[in-house]
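In: Mind looking at a prediction? Sequence and model below.
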Amino acid sequence: MGIVIAVLVALMLTVCGCLCAASLVLDGNDPDPFAEQPFGTPDDDDWMEPTAGPLIPERPTAPPPPASPTPSKKPVTRPTSGPAPVTVVYEVTGSGTADIAYYDAESDLMHVDGQKLPWRTTIRTNGKTRVLVEARWVDDEGQRPIDCTVTVTGAGKPVVNKTRGYWSTSCAPE
């Protein structure tokens, strides 16, 4: 067994030695053992003097008016086709400003960015649409609680789902 291992080691050393010798012979044609520069030397002949004028643009004197929180499009509070026997109340509570997303009566996702809390909206739907509200702090790193509540009434037993989060939260009926 020892002889077999010794023969294998000797064979491996011979192959490695041949490969190393071959690479030295093949690289012998390159007179410079160092790699070339990966970029060319810049030519200063095309350099231009900076133009006159302010280096930093002037700041506006008056701040822009604050944007009021508005949905990305006008939400539908009642479905356009058929009856609307189900009432859904979305609520987000906390102290601060949050970005809110919720489904309207036509299952379109609405976005209300920069909304001062507490926030509440009510929709009437046929009960077959998606029901969900999500909220996330605009300016917080999870230090304050943010709560959401979804209340669904009108289709049997009322359903209430309340969730608390510290960076974001979401509620949907169970």
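Out: In hand now; what should we look at? Residues are numbered from 1 along each chain as shown.

In: C-alpha from now on. contacts and neighbour counts both.
Out: Fine.

In: Now for Arg164, how many residues are close by?
Out: 17 (other CA atoms under 10 Å).

In: Now do the same contact list for it.
Out: Pro145, Ile146, Asp147, Cys148 (CA atoms under 8 Å, 6 or more residues apart in numbering).

In: same thing with Tyr103?
Out: Here Tyr103 is in contact with Leu109, Met110, Arg130, Val131, Leu132, Val133 (CA under 8 Å, 6+ apart).

In: OK, contacts around the fifth one?
Out: Same thing as Leu132. Applying CA under 8 Å, 6+ apart to Leu132 gives the contacts Tyr102, Tyr103, Val150, Ser170, Cys171, Ala172, Pro173.

In: Would you list the phi and psi of the residue lying closest to it once chain neighbours are set aside?
Out: For Leu132, ignoring the flanking residues on the chain, the nearest one in space by CA to CA, 6 or more residues apart in numbering is Ala172 at 4.6 Å. Ala172 has phi and psi values of phi -150, psi 150 when expressed as degrees, to the nearest 10.

In: just Arg144 next, same as before
Out: Torsion angles, degrees, to the nearest 10, at Arg144: phi -120, psi 150.

In: With the one 4 residues further on instead?
Out: Note on Cys148: its backbone torsions stand at phi -130, psi 150 [degrees, to the nearest 10].

In: still on that earlier bit, dump the contacts of Arg164 into CSV; add pLDDT as well.
Out: Converted to CSV, the contacts of Arg164 look like this (pLDDT from 0 to 100):
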residue, pLDDT
Pro145, 92
Ile146, 93
Asp147, 94
Cys148, 94
